[in-house]
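**Student:** sharing a sequence plus its predicted fold:
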Amino acid sequence: MNRGITKGDAATKKAAKKGKERYSITLSHQSEELLEELKEFTDAETVTEVFRDSLRLSYLVMNAQKKGLRVEIHDPSDPKSRPALVGVGHSIPG
């Protein structure tokens, strides 16, 4: 299924020589705004850097899920706060 992600063409040959793949994606306006916000917040120099960091984070969460672990986010300043579960894919461990 193509979700707006395609492999590049002319630049792909150059990237392939370096052992890399090149992709072209189509983003909604909202996703573009989120990407720019992430770039600014993380002081990333490029959106490619943001995508790579996001991919590594998703991979970390996925591997935790595969091991039956839960990834939670909570407010340490509020001992009564309920943790929010973080997950990837369709199954988030309970």
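**Tutor:** Everything's here; your move. Bear in mind that the values here come from a model prediction, so they are computed numbers and not experimental data. Residues are numbered from 1 along each chain as shown.

**Student:** any idea which element the spatially most central residue of the chain lies in?
**Tutor:** Compute the mean C-alpha point of the chain, and by CA atoms, centre = their mean the closest residue is Ser54, 2.9 Å away. Here Ser54, judged by DSSP states H and E, is contained in helix 47-66.

**Student:** show me what that helix is packed against.
**Tutor:** If contacts are counted by 3 or more CB pairs under 8 Å, 6 or more residues apart in numbering; DSSP states H and E, helix 47-66 sits against helix 29-42, strand 71-73. Placement of C-beta: from N, CA and C, glycine included.

**Student:** ok, back up a step: quick one, what contacts the residue nearest to the centre of the chain?
**Tutor:** Ser54 makes contact with Leu38 under the criterion CB atoms under 8 Å, 6 or more residues apart in numbering.

**Student:** what's the pLDDT at it?
**Tutor:** Here the pLDDT value assigned to Ser54 is 93.

**Student:** swap in Ala16?
**Tutor:** So Ala16 comes in at 64 (pLDDT).

**Student:** per-domain residue ranges of this structure.
**Tutor:** Taking automatic domain parsing as the reference, the chain has its domains at 1-43, 45-89.

**Student:** neighbours of Thr42, how many?
**Tutor:** For Thr42, the count of nearby residues is 12 (other CB atoms under 10 Å).

**Student:** please tell me how far it sits from Arg52.
**Tutor:** 11 Å (CB to CB, to the nearest Å).

**Student:** and for Lys20?
**Tutor:** 11 Å.

**Student:** out of those two, which sits in the busier spot?
**Tutor:** Just comparing Lys20 and Arg52: by other CB under 10 Å the higher neighbour count belongs to Arg52, 12 against 9.

**Student:** can you pull the contacts of that one?
**Tutor:** By CB under 8 Å, 6+ apart, Arg52 has no neighbours at all.
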